[in-house]
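*Asks:* Pasting a predicted model and its sequence here:
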Amino acid sequence: MKVTVSVKKPDASPLGISTEYIKLQDAMKLADLVPSGGQAKVLIQEGRVLVNGEVCTMRGKKLYPGDRFSFEGSTFRVTNHS
């Protein structure tokens with residue numbers, strides 16, 4: 001009998017904010033996924049970013065605690081920063 005053990009990666013890294021919401025392009029910058037908000041806006045408009053599992057092309061999309069966003073295999077969950 002063969003047994004395989006694998007380590008499960010967390011499905012999303014927490015990204016703490018101290019405001020009510022954060023714009024998607026700002027969240028991408030905060031998560032170090034992009035060097036600038038301008039680059040984030042282009043990637044969002046190209047449909048390369050997922051929000052809550054769906055493609056999002058809204059540049060000013062507001063993310064609230066509990067929302068998730070993904071880009072190139074990295075997923076983050078917006079949380080309240082205590």
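*Replies:* Yes, it's here.
*Asks:* The closest residue to Ser13 other than its chain neighbours: neighbour count?
*Replies:* Sequence neighbours aside, Phe76 is the residue nearest to Ser13 in space, at 5.2 Å (criterion: C-beta to C-beta, 6 or more residues apart in numbering). Yep, even glycine has a C-beta here, placed from its N, CA and C like the rest. Using other C-beta atoms under 10 Å, Phe76 has 20 other residues around it.
*Asks:* which residues touch Phe76?
*Replies:* 12-15, 27, 31, 68-70 (C-beta atoms under 8 Å, 6 or more residues apart in numbering).
*Asks:* Try it again at 6 Å.
*Replies:* 12-13, 15, 31, 69 (C-beta atoms under 6 Å, 6 or more residues apart in numbering).
*Asks:* Show me which positions of the strand ranked longest in the chain end up buried.
*Replies:* In the chain, taking DSSP state E as the definition, the longest strand is strand 74-80. Buried residues in strand 74-80, defined by neighbour count with 16 or more other C-beta atoms under 10 Å: 75-78.
*Asks:* quick one: low-confidence ranges for this structure?
*Replies:* Scanning the chain with the threshold set as pLDDT under 70 gives 1-10, 82.
*Asks:* max-length helix in it?
*Replies:* helix 37-45 (DSSP state H).
*Asks:* Which strands or helices does that one pack on?
*Replies:* Contacts defined by 3 or more C-beta pairs under 6 Å, 6 or more residues apart in numbering; DSSP states H and E place helix 37-45 against helix 24-30.
*Asks:* Let's see that with 10 Å instead.
*Replies:* Judged by 3 or more C-beta pairs under 10 Å, 6 or more residues apart in numbering; DSSP states H and E, the packing partners of helix 37-45 are strand 22-23, helix 24-30, strand 68-71.
*Asks:* Report the separation between the nearest residue to Gln45 once chain neighbours are set aside and Tyr21.
*Replies:* Of all residues not flanking Gln45 in the chain, Thr57 sits nearest, at 5.7 Å (C-beta to C-beta, 6+ apart). Distance, Thr57 to Tyr21, using C-beta to C-beta, to the nearest Å: 18 Å.
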